[in-house]
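Novice: Fold the stuff below for me.
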Amino acid sequence: MWHKFRQWWHGRTSPSPAEAAVLHAIGRGSTLKSHRDVDGHKVYRLHPLQGEAADVPYAVVQTLLHQNYLTTNQKFPAATFLLTSKGKAWLTTQGDTLHGLSDIG
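Specialist: Alright, predicted model coming up:
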């Protein structure tokens, strides 16, 4: 499955609408974390500053990691995903103002 996904991605030059939504949310202060359910499956959740967390599809997170828009702190039990310099640069091209985000790779 990953091979087909990589073939599909090869022609893209910017994030998809779903990927962009995650980047914008993180830029506005939401936190993306990976969690394990009771069966050990990894679940990605976007935690906004206010309101309930929302699940984020595996492919969206993997694409953002693969394309270097996000990186992770690899902490257990819930890793946190952070914007990279590339992710922040993309957000600024979209007109977003980023506050309080330190530079990550």
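Novice: and residue 81, what pLDDT?
Specialist: With respect to pLDDT, residue 81 scores 95.
Novice: what about it, distance to residue 40?
Specialist: 20 Å (Cβ to Cβ, to the nearest Å). All C-beta spots, glycine's among them, are computed from the backbone N, C-alpha and C.
Novice: Count the residues that sit near residue 80.
Specialist: 14 (other Cβ atoms under 10 Å).
Novice: my guess is it contacts residue 70, does it?
Specialist: No: judged on Cβ atoms under 8 Å, residue 80 makes no contact with residue 70 at a distance of 10.1 Å.
Novice: what residues do those two have in common as contacts?
Specialist: residue 32 (Cβ atoms under 8 Å, 6 or more residues apart in numbering).
Novice: before we move on, back to that, the more surrounded of residue 81 and residue 40?
Specialist: Remark: of residue 81 and residue 40, residue 81 carries more neighbours, 23 against 6, as counted by other Cβ under 10 Å.
Novice: The nearest residue to the more buried one once chain neighbours are set aside sits in which helix or strand?
Specialist: In this structure, residue 81 finds its nearest non-sequential neighbour in residue 32, 4.1 Å apart by Cβ to Cβ, 6 or more residues apart in numbering. Assessed by DSSP states H and E, residue 32 sits inside strand 31-36.
Novice: What residues sit buried inside that strand?
Specialist: 31, 32, 33, 34 (16 or more other Cβ atoms under 10 Å).
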